[in-house]
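Enquirer: here is my input; please provide its structure:
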Amino acid sequence: MDIRVDAGWLLAVLLASMRLAALLVMVPVLGGAGTPPRARVLLGLALTATLLAALPLHVSAPDLRPASLAVAALRELAIGAVMAFGLHTAFGALGLAGRLLDMQIGFTVGSIFDPVTRAASPVLGTLLTMLGAAVFYAMDGHLMLVRAVAFSFEQLPPGGPFRWWDAAPVVAQFGTMFVLGLTLAAPVVIALLLVDVGLGIVSRTMPQMNVFLVSIVVKIFIGLLVLMATLPAAAPVLRRLFDTTFGWWQQMLG
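Expert: From the prediction side, this is the model:
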């Protein structure tokens, strides 16, 4: 039995797998330090080959010159980085909300090790990031991610010309995620601001009272209480975080 392999298609798979490699390395919910590198490489190659075989794409014959191959590889890495940036901003909004809450409540000194970033992360920031990952998988975000990759192959086939993106959508995405991050932290921040005002009045009327020590316990109690009360109402904001990311992918890749 004679088995023939299309060298052009195989090279297209290798180039497109670099797009998946950037996603698998940079996306927080997929590129954790606990994932073996060999598993990520095999997953990227298998998913790329499956998508390219299933989609009705016209893959142009790649130029085999080293300079052209280097430009094509950089193009695929850039596309993967642009797609990963969308999810990074979503989880960055959760990290921003968590850092604001930790700073206001007083948990900043109690940082823990985050296995995803391999760095010390705030307590509530890590909690919100884990909650965001749970919501991402609950709303079938991983399937939407695969659809986004397939959409990128349809709009930007492997081996095509290099493309420059406009900076305006990137800046707009930063602004949107910053607003959504503040929206998540706003109830607790406002409640703790009122607590600070109340403790300031108490310190003026009762100067013999050690307000600093009292405020540590009161702010932790009030902060966690308001967070637990408002967390169920944060589900629409979390869904909007990822819905905005999916819409941003269509805007950048279309």
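
Enquirer: so, low pLDDT: which residues of the stretch 51-200 of the chain?
Expert: Filtered on pLDDT under 70, the stretch 51-200 of the chain yields the residue ranges 57-64, 108-122, 161-163.

Enquirer: helices of that one, residue ranges please.
Expert: For the stretch 51-200 of the chain, applying DSSP state H, counting those that start in this stretch gives helices covering 66-105, 123-138, 141-155, 167-205.

Enquirer: now for the ones you listed, which one comes closest to Q250?
Expert: helix 141-155 (7.1 Å; Cβ to Cβ). All C-beta spots, glycine's among them, are computed from the backbone N, C-alpha and C.

Enquirer: run through who's touching the closest one.
Expert: The contact list for helix 141-155 (Cβ atoms under 8 Å, 6 or more residues apart in numbering) reads 16, 19-20, 23, 27, 29, 47, 51-52, 55, 57, 79, 83, 87, 135-136, 242, 246, 249-250, 253-254.

Enquirer: give me the buried subset of the residues you listed.
Expert: Taking 16 or more other Cβ atoms under 10 Å as the criterion, what is buried in the contacts of helix 141-155 is 16, 19-20, 23, 27, 29, 47, 51-52, 57, 79, 83, 87, 135-136, 242, 246, 249, 253.

Enquirer: among those, which are in strands?
Expert: Among the buried ones among the contacts of helix 141-155, no member falls in strands (DSSP state E).

Enquirer: just put the helices of the stretch 51-200 of the chain in CSV and tack on distance to L43.
Expert: Shown next, in CSV, are these (distance: least, Cβ to Cβ, whole Å):
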stretch, distance to L43
helix 66-105, 14
helix 123-138, 16
helix 141-155, 11
helix 167-205, 27
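
Enquirer: gap between L87 and F221?
Expert: 34 Å (Cβ to Cβ, to the nearest Å).

Enquirer: one more: T89?
Expert: Look at T89 and F221: by Cβ to Cβ, they are 33 Å apart.

Enquirer: what's the burial count for A168?
Expert: By other Cβ atoms under 10 Å, the residues close to A168 number 8.

Enquirer: typo on my end, it should be H142
Expert: 13.

Enquirer: now swap in G175 and tell me
Expert: Neighbour number of G175 under other Cβ under 10 Å is 10.

Enquirer: over to S152?
Expert: As a burial measure, S152 scores 26 neighbours (other Cβ under 10 Å).

Enquirer: repeat for L10
Expert: L10: 11 neighbours (other Cβ under 10 Å).

Enquirer: could you list every helix and strand in contact with the helix or strand harbouring it?
Expert: L10 belongs to helix 7-26 when elements are defined using DSSP states H and E. Judged by 3 or more Cβ pairs under 8 Å, 6 or more residues apart in numbering; DSSP states H and E, helix 7-26 is in contact with helix 37-54, helix 66-105, helix 141-155.
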